[in-house]
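Engineer: Make a model of this:
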Amino acid sequence: MNLANKITISRMAITALIIIILLFPFESAGINFTNLFINELIVVNAKYIIVGILFVIALITDYLDGYVARKKDMVTELGDTLDYIADKLLIDSVLIILSSQGFLHPFIPVIIIGRDYVANAIRMTALKKNITLKSVKIDKYKNIIIKIGVALTLFYNLPFELFNLNISDILLIVGTVLSVISCIQYYNDNRRKIIKA
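Structural biologist: Model (predicted):
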């Protein structure tokens, strides 16, 4: 296993740690995370700050594994597959947990994850027919917007919350809308290839 793949595996390990911290019943075990008072209205639980820091570290490894793979000519099919799995595990699990804990509307993870299922079904159909599919450029921007939105949500939308600007929700809504648009575009760009084959 090359260095780039090891970095990707480290992202999976960080994701597992994030899930444990978010879901473990610390209160039942007598462990309480400190509440930080930013002002009279904003109270921040240290647990989410810790998770936010881990999430940002995981995002850095996402950039780093791709950089190392390209720089040292380590791009492989296994690496691409591991990177995709690590990325989806990180984003999807955090979206689902934040939704279940009331930080964001359930429609957001449902649409974002549902879009991935549709895209994967199209990819699997194309793979069976040995067809190369055209990628959608909007996907890259959609992923960046969603990742920033999730990170801001974990950090309680700070510093924007101080100015009453709900940037984290806006970014996640924009990312969700772009998910729908990219799914439609992906289908439209590739359906003729699949149907003809």
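Engineer: and the residue positioned nearest the centre of the chain, how far is that from Asp116?
Structural biologist: For the chain, the residue nearest the mean C-alpha position is Ile91 (2.4 Å; Cα atoms, centre = their mean). Distance check for Ile91 against Asp116: by Cβ to Cβ, to the nearest Å, it reads 9 Å. Bear in mind the C-beta positions are built from the backbone N, C-alpha and C, glycine included.
Engineer: Can you spell out the domain ranges of the chain, please?
Structural biologist: For the chain, automatic domain parsing gives the domain ranges 1-102, 104-197.
Engineer: want to try CSV for those domains, with mean pLDDT as columns?
Structural biologist: Listed next are these as CSV, based on pLDDT from 0 to 100:
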stretch, mean pLDDT
domain 1-102, 92
domain 104-197, 90
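Engineer: biggest helix in this protein by residues?
Structural biologist: Assignment by DSSP state H gives helix 167-196 as the longest helix of the chain.
Engineer: buried ones in it?
Structural biologist: Residues of helix 167-196 classed as buried: 167-169, 171-173, 175-176, 178-179, 182-183, 185-186, 190, 193 (neighbour count, 16 or more other Cβ atoms under 10 Å).
Engineer: Check stretch 116-134 too.
Structural biologist: For stretch 116-134, a neighbour-count test (16+ other Cβ under 10 Å) marks 119, 122, 126, 133 as buried.
Engineer: So what does Lys37 have for phi and psi?
Structural biologist: You called it Lys, but residue 37 is Phe. Dihedral pair for Phe37: phi -100, psi 110, per degrees, to the nearest 10.
Engineer: Assess the claim that it and Asn45 are in contact.
Structural biologist: No. If you go by Cβ atoms under 8 Å, Phe37 and Asn45 don't touch, sitting 11.1 Å apart.
Engineer: neighbour-wise, which of those two wins?
Structural biologist: When neighbours are counted by other Cβ atoms under 10 Å, Phe37 and Asn45 differ, and Asn45 comes out ahead with 14 against 9.
Engineer: got a list of what the more buried one touches?
Structural biologist: 33-36 (Cβ atoms under 8 Å, 6 or more residues apart in numbering).
Engineer: Who does it form a beta bridge with?
Structural biologist: Asn35 (DSSP bridges).
Engineer: all strands of this protein, in order?
Structural biologist: 35-37, 43-45 (DSSP state E).
Engineer: Reformat these as TSV; add distance to Ser100.
Structural biologist: Shown next, in TSV, are the strands of the chain (distance: least, Cβ to Cβ, whole Å):
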stretch	distance to Ser100
strand 35-37	21
strand 43-45	16
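Engineer: if we compare these, which one ends up closest to Thr8?
Structural biologist: Minimum separation from Thr8 across the strands of the chain (Cβ to Cβ) falls at strand 43-45, 29.7 Å.
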